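> all I have is the shape, not the residue letters:
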Ligand SMILES: *[C@@H]1O[C@H](CO)[C@@H](O)[C@H](O)[C@H]1NC(C)=O
């Protein structure tokens with residue numbers, strides 16, 4: 001009789017899944033990229049969303065920690081003393097209460113590769129370390145040269161495009177020719193942005209067969225340059 005009950009129980013488990021008490025435990029979830037490229041000296045924003053098991057308890061405290069090994073890299077706790085390596089360089093941008101654990105790392109160093117992972121503590125509920133979902137930063141020492149295009153139809157309309165990981169301090173553009181400049185940024189994916197500068201001017205005949213240069217200066221002062229030759 002006892003054995004039959006257990007068999008029935010396992011059968012029900014197979015058909016209807018794990019009972020409520022346990023399924024609540026399986027709701028820890030996080031979405032982070034495993035690898036993000038970032039330019040040394042610039043910043044990087046690690047996009048992060050997470051969920052925790054449902055509860056009927058009233059929750060009003062969330063303590064978030066980004067870690068590398070045993071080192072705490074960033075936290076939302078205002079009084080927490082970060083070690084000098086990360087002090088004043090990191091910030092949790094997301095609302096932990098709202099399920100966002102997005103973190104910004106500034107003045108990226110060659111040693112900032114990680115792997116980084118997130119831990120959440122909800123004192124009135126539960127805590128969890130997402131140690132399996134690590135984020136590595138691919139620290140680039142030199143920026144890629146910008147992509148340029150130019151159109152000459154009475155006016156010269158040139159554009160200079162870069163992608164980067166630091167929307168809070170986008171790169172600055174310097175053109176070798178004067179004209180009307182416009183800059184715009186948009187998001188490429190969860191962790192990369194693109195910024196385009198366009199330069200418009202009416203060319204003189206002396207401008208033709210000359211190089212038009214675009215220099216990009218990133219946060220942290222690294223530069224990259226590209227040029228195009230103006231053909232009539
Ligand atoms: C454009 O760049 C080239 C190569 O770096 C340089 O030789 C040239 O002087 C630059 N032209 C201007 C107008 O700045």
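Right, received. Where do you want to start? Predicted model only: the values in this text are computed from it and were never measured. Numbering: from 1, shown residues only.
> averaged pLDDT, stretch 203-214. What do you get?
Averaging the model's pLDDT scores along stretch 203-214 yields 93.
> what are the buried residues along it?
203, 212, 213, 214 (16 or more other Cβ atoms under 10 Å). No exception for glycine: its C-beta is placed from N, CA and C like everyone else's.
> show me which of those residues neighbour the ligand.
Of the residues in those, proximity to the ligand by Cβ under 6 Å from any ligand atom holds for residue 213.
> which of the buried residues of stretch 203-214 lies closest to the ligand?
When the buried residues of stretch 203-214 are compared for distance to the ligand (Cβ to the nearest ligand atom), residue 213 wins out at 3.7 Å.
> so who does the closest residue to that closest one other than its chain neighbours touch?
For residue 213, ignoring the flanking residues on the chain, the nearest one in space by Cβ to Cβ, 6 or more residues apart in numbering is residue 176 at 3.8 Å. In this structure, residue 176 makes contact with 211, 212, 213, 214, 215, 227, judged by Cβ atoms under 8 Å, 6 or more residues apart in numbering.
> quick check: residues of the chain near the ligand?
Taking Cβ under 6 Å from any ligand atom, the part of the chain that reaches the ligand is made up of 176, 211, 213, 225, 227.
> just those: which are in strands?
Mapping those onto strands (DSSP state E) picks out 211, 213, 225, 227.
> please name the nearest non-neighbouring residue to the first one.
The shortest distance from residue 211 to any non-neighbouring residue, by Cβ to Cβ, 6+ apart, is to residue 227 (4.3 Å).
> tell me the bridge partners for the one you found.
residue 213 (DSSP bridges).
> neighbours of it, how many?
Residue 227: 15 surrounding residues under other Cβ atoms under 10 Å.
> likewise residue 118?
Using other Cβ under 10 Å as the criterion, residue 118 is surrounded by 26 other residues.
> next one: residue 138
As a burial measure, residue 138 scores 12 neighbours (other Cβ under 10 Å).
> just grab the bridge partners of it for me.
The partner list for residue 138 in beta bridges (DSSP bridges) reads residue 37.
> tell me how far it lies from residue 165.
Shown here: residue 138 relative to residue 165, a distance of 10 Å by Cβ to Cβ, to the nearest Å.
> pick out the most distant pair among the residues of the chain next to the ligand.
211 and 225 (10.3 Å; Cβ to Cβ).
> re the thing from before, quick check: neighbours shared by residue 138 and residue 165?
Contact criterion Cβ under 8 Å, 6+ apart; residues shared by residue 138 and residue 165: 36, 37, 38.
> what subset of these is buried?
Among the shared contacts of residue 138 and residue 165, those classed as buried by 16+ other Cβ under 10 Å are 36, 38.
> tabulate the shared contacts of residue 138 and residue 165 (JSON lines), appending pLDDT.
Converted to JSON lines, the shared contacts of residue 138 and residue 165 look like this (pLDDT from 0 to 100):
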{"residue": "36", "pLDDT": "96"}
{"residue": "37", "pLDDT": "96"}
{"residue": "38", "pLDDT": "96"}
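> just the shared contacts of residue 138 and residue 165 now: which is nearest residue 155?
residue 37 (35.3 Å).
> what sits against that closest one?
Taking Cβ under 8 Å, 6+ apart as the definition, contacts of residue 37 comprise 137, 138, 140, 165, 192.
> please apply the same query to residue 173.
Listed by Cβ under 8 Å, 6+ apart, the contact partners of residue 173 are 160, 181, 183, 195, 197, 214, 215, 216, 217.
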